[in-house]
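Novice: Give the three-dimensional model of this entry:
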Amino acid sequence: MKLATKLGTAFSLLFAVVLVVTAAMVYFTTQSAMARSVENHLDNVSNLIQRTVEISIDNNWDQIQKNLILSEEIVESDIVIDPATTIDLDAFDDYQLQSYPVTVNSIRFGTAFGETPDRVVNSLSAVLDAEVSLYRV
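Specialist: This is a model prediction of the structure:
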């Protein structure tokens, strides 16, 4: 074999090795950078979702308080949410199609003018334009 052929083969093999090593380094560096980027974006999205849910909870709590005040006006007596007395109910999750127990606080109120609880529920439902349920303990 001629020297030129040996040198050409040696340089070709060296070039191929360098090319493979460089490609591997670029692949692993890119994979690592993409993994960090995806993780950072997921963290940002999860923080955004968490803040959105917290704001939604705060807004809904304010709405509950407003509805409670309005309900007191309709019922013409104080309405008390009693966290000391809880009620165990069965809830159904429409998304996961599963039932599970839920514990909720009880609400106590006095009816005015001898109104029955059904009449109070119907009045609240009409004024609030929402479904209202009353559970007796």
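
Novice: Could you look up the SS state of the residue nearest to the spatial centre of the chain?
Specialist: Among the residues of the chain, the one closest to the centroid is residue 53, at 6.1 Å (C-alpha atoms, centre = their mean). With DSSP: H, G, I helix; E, B strand; the rest coil as the basis, residue 53 sits in helix.

Novice: Against residue 60, how distant is it?
Specialist: 10 Å (C-beta to C-beta, to the nearest Å). Quick note: C-beta positions are derived from backbone N, CA and C, even for glycine.

Novice: isn't residue 72 right up against residue 66?
Specialist: No: with contacts defined as C-beta atoms under 8 Å, residue 72 does not count as touching residue 66, sitting 10.9 Å away.

Novice: Looking at the two, which has the bigger crowd around it?
Specialist: Shown here are residue 72 and residue 66; by other C-beta atoms under 10 Å, residue 72 has more neighbours (14 against 10).

Novice: on contacts alone, who are the packing partners of whichever strand or helix holds the more buried one?
Specialist: Using DSSP states H and E, residue 72 maps to helix 3-75. Under the contact criterion of 3 or more C-beta pairs under 8 Å, 6 or more residues apart in numbering; DSSP states H and E, helix 3-75 touches strand 79-93, strand 98-109, helix 117-128.
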